[in-house]
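>>> need a 3D model of the following:
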Amino acid sequence: MSVVVVGSLNVDLNVTVDRLPGPGETLLGAGGRTSPGGKGANQALAAALRGAEVRMVGAVGEDANAAVALSRLSQAGVDTSLVAGLDAPTGLAVCVVDGAGRNTIVVVPGANGLVGAAQVEAAAPAITRASVLVLQGEVPPGAVAAAVRAACGHAGGAGVPGRPRILLNLAPVIPLDARIVQLADPLVVNEHEGRLVLKEVFGIDPASLEKQADPDVAVARALVTQGLASVVMTLGSGVRSRWRREIPVGRWPSPHPSGGGGHGGRWGRLRGALAASLAAGGTLAQAVGPGCGWEPTPVPAAAPRTPTRAGGRAAAVAGCGIPTPLVPVRYVRLTSSLHPPYLLLAPGRA
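This is a model prediction of the structure:
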């Protein structure tokens with residue numbers, strides 16, 4: 001079972017300082033080492049480390065950084081024959097971290113910004129043969145839309161037999177037609193991106209949802225009602241610290257010992273592992289269950305489309321196939337001591 005990732009490849013430049021500089025200020029720092037990065041490359045690497053056959057579609061520059069960006073993928077056995085070498089700099093992310101752990105990140109897309117529909121369309125044979133197609137928002141919207149069209153065509157919906165399952169990590173949120181986003185199964189966003197998708201893609205003001213008992217669950221639910229087959233919402237550290245007191249934390253061996261570090265790196269590895277599990281035939285619940293380091297705890301069923309307080313160190317999956325108010329909602333709470341919060345909502349899906 002195979003995974004095709006259409007996405008970004010970067011080189012990360014990491015610098016540490018005692019404090020972040022102010023405007024116009026020069027500070028001396030430490031570090032300065034480069035490492036492979038980019039959401040697309042991180043997810044491709046993670047899927048390969050989980051045993052999937054992975055092909056990467058993207059672009060690097062014709063510069064020294066290209067070899068760095070591709071190094072871990074090659075070592076992990078990822079097929080990079082569909083990664084173009086372009087007359088542009090390889091994507092670069094400069095991350096400055098202060099002594100308190102706060103950071104600033106500047107991303108220069110470089111060759112990533114030149115990945116176009118024509119390049120993706122040329123990769124259509126590989127995409128259509130894949131079990132799972134993984135996409136992010138770090139390449140142009142035209143490339144993302146072309147990949148979805150290659151996987152699903154202009155008609156039909158998510159989950160059609162024989163078509164690749166589309167994992168769309170809309171980070172950052174880029175301008176996409178709602179019909180493209182609706183073909184994701186799952187759509188993967190954090191709580192902030194989920195609100196932006198509602199507003200910018202579906203034209204729904206999320207402000208009213210902030211009055212709900214659990215605004216994040218309300219946002220995930222609202223996304224599902226827009227025609228998505230499933231939604232995975234990752235929740236930030238503030239939610240984790242608030243909810244950790246309410247639910248015991250399970251301990252599992254880390255399923256992702258390699259790859260980029262930090263909060264974003266952990267989520268990149270989780271998404272890659274999710275893709276590998278789906279490609280192997282696992283259900284969405286299985287893909288984010290114990291095999292990925294999560295401990296499931298059943299939650300009593302609620303009325304259709306009426307979320308209960310979910311809590312816990314969780315990230316949430318809301319999925320209901322074709323949205324209908326008659327679909328019963330089953331909730332599973334996932335906890336882990338190794339990852340950011342993750343709450344699983346599985347309406348009518350395994």
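>>> contacting residues around Asp205?
Contacts of Asp205 were listed using C-beta atoms under 8 Å, 6 or more residues apart in numbering, and they are 198-199. Heads up, the C-betas are built off the backbone N, CA and C, glycines and all.
>>> so where do the helices sit in the protein?
If DSSP state H is used as the criterion, the helices of the chain fall at 39-49, 64-75, 117-122, 124-129, 141-152, 178-181, 191-196, 215-224, 237-243, 262-279, 284-287.
>>> so where is the stretch 1-150 of the chain shaky, pLDDT-wise?
Across the stretch 1-150 of the chain, not a single residue meets the criterion (pLDDT under 70).
>>> format the helices of the chain as JSON lines; extra columns: distance to Ala84 and mean neighbour count.
Formatted as JSON lines, the helices of the chain follow (distance: least, C-beta to C-beta, whole Å; neighbours: other C-beta atoms under 10 Å):
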{"stretch": "helix 39-49", "distance to Ala84": "13", "mean neighbour count": "30"}
{"stretch": "helix 64-75", "distance to Ala84": "10", "mean neighbour count": "19"}
{"stretch": "helix 117-122", "distance to Ala84": "6", "mean neighbour count": "17"}
{"stretch": "helix 124-129", "distance to Ala84": "14", "mean neighbour count": "16"}
{"stretch": "helix 141-152", "distance to Ala84": "11", "mean neighbour count": "22"}
{"stretch": "helix 178-181", "distance to Ala84": "23", "mean neighbour count": "17"}
{"stretch": "helix 191-196", "distance to Ala84": "27", "mean neighbour count": "21"}
{"stretch": "helix 215-224", "distance to Ala84": "33", "mean neighbour count": "24"}
{"stretch": "helix 237-243", "distance to Ala84": "37", "mean neighbour count": "15"}
{"stretch": "helix 262-279", "distance to Ala84": "22", "mean neighbour count": "24"}
{"stretch": "helix 284-287", "distance to Ala84": "30", "mean neighbour count": "20"}
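>>> how about those in TSV, adding distance to Arg19?
TSV is the format used below for the helices of the chain (distance: least, C-beta to C-beta, whole Å):
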stretch	distance to Arg19
helix 39-49	28
helix 64-75	28
helix 117-122	42
helix 124-129	46
helix 141-152	37
helix 178-181	40
helix 191-196	25
helix 215-224	32
helix 237-243	21
helix 262-279	19
helix 284-287	41
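>>> residues contacting the closest residue in space to Ile127 that isn't next to it in sequence?
Spatially, and ignoring its direct neighbours in sequence, Ile127 is nearest to Ala150 (4.5 Å; C-beta to C-beta, 6 or more residues apart in numbering). By C-beta under 8 Å, 6+ apart, the contact list for Ala150 reads 120-121, 123-124, 127-128.
>>> relative to Leu114, which of those residues is nearest.
Closest approach to Leu114 among the contacts of Ala150 (C-beta to C-beta): Val120, at 12.0 Å.
>>> now do the closest residue to Ala88 other than its chain neighbours: how many residues are near it, please.
Spatially, and ignoring its direct neighbours in sequence, Ala88 is nearest to Ala111 (4.5 Å; C-beta to C-beta, 6+ apart). Neighbour count for Ala111, taken as other C-beta atoms under 10 Å: 28.
>>> sorry, back to before: of the contacts of Ala150, closest to Met56?
Out of these, the member with the shortest distance to Met56 (by C-beta to C-beta) is Ala123, at 9.9 Å.
>>> measure that closest one to Val54 for me?
From Ala123 across to Val54, the span is 13 Å (C-beta to C-beta, to the nearest Å).
>>> joint contacts of the two?
Contact with both Ala123 and Val54 is made by residues Val4, according to C-beta under 8 Å, 6+ apart.
>>> neighbour-wise, which of these two wins?
A count of neighbours by other C-beta under 10 Å puts Val54 above the other of Ala123 and Val54, at 30 against 21.
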